[in-house]
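Take this sequence and fold it.
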Amino acid sequence: MVKQKKSRLDGQELVEAREQLRKAENILSGIHFALELVQDANSSDGGMSFYEKVSRFEAVLIKAALRHTGGSQTKAARLLGLKPTTLHTKINLYDIAINDFKRIQLLEPLGRTAKSSVEAKSQRQR
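Numbers count the residues shown, from 1 in each chain. Got it, this is the predicted structure:
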């Protein structure tokens with residue numbers, strides 16, 4: 001008798017996979033943030049004013065917070081210790097594209113099992 005490969009993750013495996021994905025996203029977000037700071041420091045013009053440097057740093061921080069929260073302005077504002085309206089104003093000021101930070105939902109919400117599109121379609125037709 002030949003064992004068939006398991007094609008789906010069970011509930012616990014799915015939870016663990018999501019946790020690993022979340023941890024990897026956090027690590028990558030931190031690396032990206034550090035790289036942006038290094039690139040900004042290396043490309044800085046010697047004639048740049050203090051306020052220009054602070055503005056650039058602030059934009060990098062806002063982008064990192066948005067990346068970390070999957071584009072949620074409310075969560076990013078909380079993370080940065082800002083009011084959501086203040087964050088929104090700064091996003092507009094620095095011309096930050098929010099859609100660049102929206103996460104693509106690759107996995108089903110917790111508690112649900114992943115189903116193929118064929119299975120889901122057949123259930124809707126019943």
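
quick one: the strands in the protein?
Counting by DSSP state E, the chain has no strands to list.

Return the helix or strand in it with minimum mean pLDDT.
helix 117-125 (a mean of 54; mean pLDDT, DSSP states H and E).

Convert stretch 28-35 to PDB, retaining C-alpha atoms only.
Written as PDB, here are the backbone C-alpha positions of stretch 28-35 (Å, rounded to 0.1, in the frame of the first residue of the first chain):
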ATOM      1  CA  LEU A  28      12.100  41.300   6.300                       C
ATOM      2  CA  SER A  29      10.400  44.500   7.300                       C
ATOM      3  CA  GLY A  30      13.300  45.300   9.700                       C
ATOM      4  CA  ILE A  31      15.900  44.500   7.100                       C
ATOM      5  CA  HIS A  32      14.100  46.700   4.500                       C
ATOM      6  CA  PHE A  33      13.900  49.600   7.100                       C
ATOM      7  CA  ALA A  34      17.600  49.300   7.800                       C
ATOM      8  CA  LEU A  35      18.500  49.300   4.100                       C
END
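
in it, what's buried?
Buried residues in stretch 28-35, counted by 16 or more other C-beta atoms under 10 Å: 29, 33. In this view, the C-beta of every residue, glycine as well, is placed from N, C-alpha and C.

pLDDT weak spots in this protein?
Low-confidence regions of the chain, defined by pLDDT under 70, span residues 1-9, 40-47, 103-126.

Do a quick rundown of the helices in it.
Taking DSSP state H, the helices of the chain run over residues 11-43, 50-68, 73-80, 84-93, 117-125.
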